[in-house]
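Please work out how this folds:
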Amino acid sequence: MILVTNDDGVYSPGIQILAKRLRELDRVVIVAPDRERSAAGHSMTLHRPLLIEQLKPDVYSVNGTPTDCVNIAVKGLLGETPKLVVSGINKGPNMGDDVTYSGTVAGAMEARILGIPSIAVSLAARENFRFAEAAEVAVQIARHVLSEGEAEGTLLNVNVPNLPTSDIRGTSITRLGKRIYHQMTVERIDPRGKKYYWIGGGEPEWECAEGTDFDAIDKGRVSITPLHLDMTDYAAFGRIKQVEQLAYQRPAPQEDEA
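Here you go, the predicted model:
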């Protein structure tokens, strides 16, 4: 059984087309947010109850985040452990620094934390989405992962150029690129004269360095970036070794502590 989730919501055409194609490989169950949860990151709902609604056989909506959906599905709803979790197809790319915000990537990350192979799939477009083409890429990669598995603690972050399948120029294994951040916060005044802010303005730009996910998409290629759950910077161990020698002393008591 394959579990499918996303951050665009259970009614997004991207998840519907993805699930339909993945049924070529195995039974598919959709457990996805009841509404758009873009940029939810790896957040989990802890301070309110979560409601699950079965919309039809093997399709469930949850009033929570993609992380909630995967956790609930695996830990309670499904009754069995999925062979694979596929998150997507996202409306828009998830590359470079943006993977830290992405609910799509977070859904796949939660699956990997739970020990399940996972893939995040995003379509590098803002309009005129070619979901069918992205689903073709997704099913081929899913077939490979089901057959060959994934490295421990690693998930695959897949970005697909918004092109006809015949125009896609192949696949590149890539590293995360670097986003160029311009003004993304807009300040406005409400009818009562108070300031409010809207985050998310402006079109994204990236440094298209050779070998990055941005570079692959720019060249019309599918980008596959292996992401690892272990975020430790092992190369920094030597550079910060001296901090182990720091001595900590208890501060002198304040007057109200005497």
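
Need the nearest residue in space to Asp26, chain neighbours excluded.
Ile2 (5.1 Å; C-beta to C-beta, 6 or more residues apart in numbering). All C-beta spots, glycine's among them, are computed from the backbone N, C-alpha and C.

For Glu187, see how far away the one you found is.
44 Å (C-beta to C-beta, to the nearest Å).

So these two - more neighbours on which side?
Between Ile2 and Glu187, counted using other C-beta atoms under 10 Å, the more crowded position is Ile2 (21 against 8).

Pretty sure the more buried one sits against Pro82.
Yes - using C-beta atoms under 8 Å, Ile2 is in contact with Pro82, at 6.0 Å.

if I look at the two, which residues touch both of them?
Val29 (C-beta atoms under 8 Å, 6 or more residues apart in numbering).

Start from the N-terminal end of this protein and give the helices.
13-22, 66-72, 103-113, 131-148, 213-218 (DSSP state H).

and the ones you listed as JSON lines, adding mean neighbour count, mean pLDDT and distance to Val29?
Listed next are those as JSON lines, based on neighbours: other C-beta atoms under 10 Å; pLDDT from 0 to 100; distance: least, C-beta to C-beta, whole Å:
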{"stretch": "helix 13-22", "mean neighbour count": "21", "mean pLDDT": "98", "distance to Val29": "9"}
{"stretch": "helix 66-72", "mean neighbour count": "27", "mean pLDDT": "97", "distance to Val29": "11"}
{"stretch": "helix 103-113", "mean neighbour count": "27", "mean pLDDT": "97", "distance to Val29": "13"}
{"stretch": "helix 131-148", "mean neighbour count": "18", "mean pLDDT": "98", "distance to Val29": "14"}
{"stretch": "helix 213-218", "mean neighbour count": "24", "mean pLDDT": "96", "distance to Val29": "29"}
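
out of the ones you listed, nearest to Ser43?
helix 66-72 (6.2 Å; C-beta to C-beta).

got a list of what the residue nearest to Asp26 touches?
Leu22, Leu25, Asp26, Arg27, Val28, Val29, Pro82, Lys83, Leu84, Val85, Val86, Ala142.

separation between it and His144?
Counting by C-beta to C-beta - Ile2 and His144 are separated by 14 Å.

again, but for Ala235
30 Å.

swap in Lys241?
Lys241 sits 41 Å away from His144, taking C-beta to C-beta as the criterion.

Show the buried residues in the contacts of Ile2.
Neighbour-count burial (16 or more other C-beta atoms under 10 Å) applied to the contacts of Ile2 gives Leu22, Leu25, Val28, Val29, Pro82, Lys83, Leu84, Val85, Val86, Ala142.

Pull the most distant pair out of those residues.
For the buried ones among the contacts of Ile2, the maximum inter-member distance is 14.3 Å, found between Val29 and Ala142 (C-beta to C-beta).

returning to what we had before: turn the buried ones among the contacts of Ile2 into CSV, including distance to Val160.
Converted to CSV, these look like this (distance: C-beta to C-beta, whole Å):
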residue, distance to Val160
Leu22, 15
Leu25, 18
Val28, 19
Val29, 23
Pro82, 22
Lys83, 22
Leu84, 18
Val85, 18
Val86, 13
Ala142, 13
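
wait, which of those is closest to Ser38?
Val86 (17.5 Å).

List the contacts of the closest one.
With C-beta under 8 Å, 6+ apart, Val86 has these contacts: 2-5, 18, 22, 108, 118-121, 138, 142.

Please produce JSON lines containing those residues, extended by distance to Tyr196.
Putting these into JSON lines (distance: C-beta to C-beta, whole Å) gives the following:
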{"residue": "Ile2", "distance to Tyr196": "42"}
{"residue": "Leu3", "distance to Tyr196": "38"}
{"residue": "Val4", "distance to Tyr196": "36"}
{"residue": "Thr5", "distance to Tyr196": "32"}
{"residue": "Leu18", "distance to Tyr196": "36"}
{"residue": "Leu22", "distance to Tyr196": "41"}
{"residue": "Ala108", "distance to Tyr196": "33"}
{"residue": "Ser118", "distance to Tyr196": "37"}
{"residue": "Ile119", "distance to Tyr196": "38"}
{"residue": "Ala120", "distance to Tyr196": "32"}
{"residue": "Val121", "distance to Tyr196": "34"}
{"residue": "Ala138", "distance to Tyr196": "38"}
{"residue": "Ala142", "distance to Tyr196": "42"}
